[in-house]
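Trainee: Sequence first, then the predicted structure:
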Amino acid sequence: MIGILKKVFDVNQRQIKRMQKTVEQIDALESSIKPLTDEQLKGKTLEFKERLTKGETVDDLLPEAFAVVREAATRVLGMRPYGVQLMGGIALHEGNISEMKTGEGKTLTSTLPVYLNALTGKGVHVVTVNEYLAQRDANEMGQLHEFLGLTVGINLNSMSREEKQEAYAADITYSTNNELGFDYLRDNMVLYKEQCVQRPLHFAIIDEVDSILVDEARTPLIISGQAQKSTELYMFANAFVRTLENEKEYSFDVKTKNVMLTEDGITKAEKAFHIENLFDLKHVALLHHINQGLRAHVVMHRDTDYVVQEGEIVIVDQFTGRLMKGRRYSEGLHQAIEAKEGVEIQNESMTLATITFQNYFRMYEKLSGMTGTAKTEEEEFRNIYNMNVIVIPTNKPIIRDDRADLIFKSMEGKFNAVVEDIVNRHKQGQPVLVGTVAIETSELISKMLTRKGVRHNILNAKNHAREADIIAEAGMKGAVTIATNMAGRGTDIKLGDDVKIFGLAVIGTERHESRRIDNQLRGRAGRQGDPGVTQFYLSMEDELMRRFGSDNMKAMMDRLGMDDSQPIESKMVSRAVESAQKRVEGNNYDARKQLLQYDDVLRQQREVIYKQRQEVMESENLRGIIEGMMKSTVERAVALHTQEEIEEDWNIKGLVDYLNTNLLQEGDVKEEELRRLAPEEMSEPIIAKLIERYNDKEKLMPEEQMREFEKVVVFRVVDTKWTEHIDAMDHLREGIHLRAYGQIDPLREYQMEGFAMFESMVASIEEEISRYIMKAEIEQNLERQEVVQGEAVHPSSDGEEAKKKPVVKGDQVGRNDLCKCGSGKKYKNCCGIVQ
């Protein structure tokens, strides 16, 4: 074990030695940089940018750029980065994590790699845990960057789209991790490229990197919206479907399980719902509800495909016959069955877009981070984010006194001892910081101190601005501050001059399940070589002690006749606690790793959809893409209707009905013509006819309008299907562990089923786009619309809602009436193709 530790330590030492050489190069440049005037120093930025365009790299510029920033920081901020801060900056520039102890100046350190990488003009993001810190750092460090001629932006939740675009266009952008993630998701929901706010993700430096990439790794960012599936519409569709007659108003193919309205059925629907054209884009939702109602009544059978149990529809696994609780059919089929069976229709909110911090930050070209405590999670940072943790030496030696844990029999004994210790230190004038794991503990100690007449502050993470004031007072003479563990990170406790002799006393009221959080609390004392003392008080009734075998020790304390006021101070207990923490950390890492494996399935799918969406937004002409979709749709339809080995069993009539209903007009494709062809030959004449009809449609309107119509259709279909797919994947994920498949790996099942569902969604997108392109009537004033208004789950979205333009309608002829032009055709097959 010692050998392994030495090896790890040696690796870190080698990195420090290597960086020390670069620091010496930077120091050597000081004599040439120092004499420069302010204007000459600012001029260096332009010089560096020109050198980059001529082929030099940011690595080549590092020593000189760091020397320039150091001199500028001295002039503008009155702070000169130490050698260890230069090392921290080098580690960050190389895409690693700089572990720098509290008070060592991480914020100033970050300015070095931020400046260097911002010279490329691709944008640098400085990420903080809350908006107070983002604003503070942007205001303070922004002065330095602006002095050197770079632009600085701050990205806040309350900003408008235009303000965000300006913030992201800056060379350096300060933002919270939440806001970056939500902006990325929102950018992939917009309908015009001018509405995007982010640029491609280039380089990010994450402050408190362990908090964001480890503690919050399992929290997905979600933009949700109420699904536009009014329960009323399901009930109307259900009532309508009950009136339909088989063969006459709908056709059902037993082999393919395909059910669809016939011409008579379409006419009946248009009369029932008082509309002109069921295939109009305005009626996408209605058509979808009718189709799902048909499937619910004709394809899905009670006690075969599903059962009704306690007022809920429960799916039956077709292979095992087991009930699949927690699973729901996607695309509104489940709600349609609920309407059919007369049970309550569940209209849950729908996830429109989601991503975890793990997957968002892995998209950056280069990623780095700073924290005081990362070494314990080094394996996770290396394996998941490909970042090494480099422990940067402190500028002055740490002289803090970290005392061994004191263990009490009961919680009552422990808290009495904690309060007694606080009172004694308070009397001496020593500032005390009390760390608690839970808010309840903070309140309990607060009450006990109030009874003793000790004035104190309570710090929690709710008010970031007040938090900074409390932290500023926490190092003053006689100050007592009670804080939950995470509160106050990012703000240093500076000692008053009259207490430098004692230093800060940090008292921990129990061990956290992570050593890292305990180390953060300890690190509050003894900053920059100050004195300080840290002491943890534990009891046998603490959560961690209860979970990991405190019974033996409790029995030993009983045998020794120890009462509540007598602690034991034992290295053995401290080691046992540390080993328990390692086990919990290991379990938590495994859980995060598993989350990532599951989320990677959706990540790959999300990347495909978002990339294609981006291409659609930037493309001037989608016709080629749509023709490809039509070809795939036709080939699938042909394969589905000709899958039997014996030719007599092929369902050519079903194929022709499908084509007439969904893609072509009656008579375009004849049954007898197709019967003369082999399956592999059938697609060609059908596709040729489709392209002919597409050309006819093109002639009837200006090209610009046709191109916009294509985009409207593609966005509407892709966005609807994708949000339904995310919903289905959510249900699959929830239900996958409930399956009692024995030795089958749930992750493998999730990957396989998720892939099959994605393929099915892509096919469904292609089919629906083809149908609307060929069948929808085109309005003159087309407008792209969001499928659902999304809202960020925690910080809310910017709430901008596009104003809908009024739809202008002229005199209209009934869709099935004879056309007034005298052709003898129905209006829908003649002049009604364009409205």
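Mentor: Arrived safely, thanks for sending. Numbers count the residues shown, from 1 in each chain.
Trainee: Give the bridge partners for the closest residue to residue 244 other than its chain neighbours, please.
Mentor: Nearest in space to residue 244, with sequence neighbours left out and distances taken as C-beta to C-beta, 6 or more residues apart in numbering, is residue 250 at 5.3 Å. Placement of C-beta: from N, CA and C, glycine included. In this structure, residue 250 has the following beta-bridge partners (DSSP bridges): residue 246, residue 261.
Trainee: Residue 250 and residue 258 touch, don't they?
Mentor: No. The pair formed by residue 250 and residue 258 falls short of the contact definition of C-beta atoms under 8 Å, at 10.6 Å.
Trainee: Mind checking which of those two has more residues around it?
Mentor: Using other C-beta atoms under 10 Å as the criterion, residue 250 and residue 258 rank with residue 250 on top: 22 against 19.
Trainee: show me what contacts that one?
Mentor: For residue 250, the contact set (C-beta atoms under 8 Å, 6 or more residues apart in numbering) comprises 244, 259-262, 265, 294, 298.
Trainee: Mind checking what secondary structure the closest residue to residue 386 other than its chain neighbours has?
Mentor: In space, and not counting its chain neighbours, residue 386 is closest to residue 95: 7.7 Å by C-beta to C-beta, 6+ apart. Three-state secondary structure (criterion: DSSP: H, G, I helix; E, B strand; the rest coil) places residue 95 in coil.
Trainee: Residue 95: neighbour count?
Mentor: Quick note: residue 95 (other C-beta under 10 Å) scores 19 neighbours.
Trainee: What of residue 746?
Mentor: Residues lying near residue 746 (other C-beta under 10 Å) number 16.
Trainee: again with residue 412
Mentor: As a burial measure, the neighbour count of residue 412 was computed by other C-beta under 10 Å and equals 12.
Trainee: Tell me how far it lies from residue 419.
Mentor: Per C-beta to C-beta, to the nearest Å, residue 412 is found 11 Å from residue 419.
Trainee: what does residue 196 give?
Mentor: When C-beta to C-beta is the yardstick, residue 196 and residue 419 sit 56 Å from each other.
Trainee: ok, so what distance separates the residue nearest to residue 386 from residue 368?
Mentor: Taking C-beta to C-beta as the measure, residue 95 and residue 368 are separated by 5 Å.
Trainee: Between these two, which contacts overlap?
Mentor: By C-beta under 8 Å, 6+ apart, residue 95 and residue 368 have these common neighbours: residue 387.
Trainee: Strands along the stretch 101-250 of the chain, start to end?
Mentor: With DSSP state E, counting those that start in this stretch applied, the stretch 101-250 of the chain shows strands at 124-128, 152-155, 172-176, 203-207, 220-226, 250-253, listed in chain order.
Trainee: Show me what counts as buried in the longest one.
Mentor: By that I understand strand 220-226. 220-225 (16 or more other C-beta atoms under 10 Å).
Trainee: how far is that strand from where the chain is centred?
Mentor: Going by C-alpha atoms, centre = their mean, to the nearest Å, the spacing between the C-alpha centre of strand 220-226 and its chain's C-alpha centre is 9 Å.
Trainee: and it, what other elements does it pack with?
Mentor: Secondary-structure packing of strand 220-226 (3 or more C-beta pairs under 8 Å, 6 or more residues apart in numbering; DSSP states H and E): helix 177-187, strand 349-356, strand 791-792.
Trainee: Just send those back as JSON lines, with mean pLDDT, mean neighbour count and distance to residue 494 too.
Mentor: Output for these, formatted as JSON lines (pLDDT from 0 to 100; neighbours: other C-beta atoms under 10 Å; distance: least, C-beta to C-beta, whole Å):
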{"stretch": "helix 177-187", "mean pLDDT": "93", "mean neighbour count": "23", "distance to residue 494": "27"}
{"stretch": "strand 349-356", "mean pLDDT": "81", "mean neighbour count": "21", "distance to residue 494": "36"}
{"stretch": "strand 791-792", "mean pLDDT": "62", "mean neighbour count": "19", "distance to residue 494": "36"}
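Trainee: still on that earlier bit, what's the closest of the strands of the stretch 101-250 of the chain to residue 708?
Mentor: Distances from residue 708 to each of the strands of the stretch 101-250 of the chain were compared using C-beta to C-beta; the shortest belongs to strand 220-226, at 24.6 Å.
Trainee: Now do the closest one, average pLDDT.
Mentor: If you average the pLDDT over strand 220-226, you get 77.
Trainee: Give the pairing partners of that strand; include direction for each.
Mentor: Taking DSSP bridges as the criterion, strand 220-226 sits next to strand 349-356 (antiparallel), strand 791-792 (antiparallel) in its sheet.
Trainee: JSON lines for these, including distance to residue 687?
Mentor: Conversion of the strands paired with strand 220-226 to JSON lines gives the following (distance: least, C-beta to C-beta, whole Å):
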{"stretch": "strand 349-356", "distance to residue 687": "34"}
{"stretch": "strand 791-792", "distance to residue 687": "42"}
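Trainee: count of neighbours near residue 83?
Mentor: The tally of other residues near residue 83 (other C-beta under 10 Å) stands at 15.
Trainee: contacting residues around residue 116?
Mentor: With contact set as C-beta under 8 Å, 6+ apart, residue 116 has these partners: 58, 61-62, 65-66, 69, 93.
Trainee: Give me the pLDDT for it.
Mentor: Looking at residue 116, its pLDDT is 97.
Trainee: again with residue 798
Mentor: Here, the pLDDT recorded for residue 798 equals 34.
Trainee: Then the one 3 residues further on?
Mentor: As predicted, residue 801 sits at a pLDDT of 31.
Trainee: Give me the below-cutoff pLDDT ranges for the stretch 501-650 of the chain.
Mentor: 547-564, 570 (pLDDT under 70).
Trainee: Please enumerate the helices of it.
Mentor: Along the stretch 501-650 of the chain, the stretches classed as helices by DSSP state H, counting those that start in this stretch are 515-522, 543-547, 551-559, 571-618, 623-641.
Trainee: Let me see the contact set for the spatially most central residue of the chain.
Mentor: In the chain, the residue lying closest to the centroid (C-alpha atoms, centre = their mean) is residue 355, at 2.4 Å. Residue 355 makes contact with 181, 184-185, 220-221, 603, 606 under the criterion C-beta under 8 Å, 6+ apart.
Trainee: Mind doing that once more with 7 Å?
Mentor: Counting by C-beta atoms under 7 Å, 6 or more residues apart in numbering, residue 355 touches 181, 184-185, 220-221.
Trainee: from those residues, which single one is nearest residue 441?
Mentor: Comparing these against residue 441 with C-beta to C-beta places residue 220 closest, at 29.2 Å.
Trainee: That closest one contacts residue 359, correct?
Mentor: No. Distance between residue 220 and residue 359: 9.1 Å, which falls outside the contact criterion (C-beta atoms under 7 Å).
Trainee: thinking again about what came up before, could I get the helices and strands packed on strand 220-226 in TSV, plus columns for distance to residue 84?
Mentor: Supplementary listing: the helices and strands packed on strand 220-226 in TSV, determined by distance: least, C-beta to C-beta, whole Å:
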stretch	distance to residue 84
helix 177-187	26
strand 349-356	33
strand 791-792	39
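Trainee: And the ones you listed: which comes nearest residue 400?
Mentor: Across the helices and strands packed on strand 220-226, residue 400 has its closest neighbour in helix 177-187 (30.3 Å, C-beta to C-beta).
Trainee: Alpha carbons only: can I get the closest one in PDB?
Mentor: The C-alpha trace of helix 177-187 is given here as PDB (Å, rounded to 0.1, in the frame of the first residue of the first chain):
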ATOM      1  CA  ASN A 177     -23.400  25.200 -14.400                       C
ATOM      2  CA  ASN A 178     -27.200  25.100 -14.400                       C
ATOM      3  CA  GLU A 179     -27.600  28.000 -16.800                       C
ATOM      4  CA  LEU A 180     -25.000  26.600 -19.300                       C
ATOM      5  CA  GLY A 181     -26.800  23.200 -19.400                       C
ATOM      6  CA  PHE A 182     -30.300  24.700 -19.800                       C
ATOM      7  CA  ASP A 183     -29.100  27.100 -22.500                       C
ATOM      8  CA  TYR A 184     -27.700  24.100 -24.400                       C
ATOM      9  CA  LEU A 185     -31.000  22.300 -24.200                       C
ATOM     10  CA  ARG A 186     -33.000  25.400 -25.200                       C
ATOM     11  CA  ASP A 187     -30.700  26.000 -28.200                       C
END
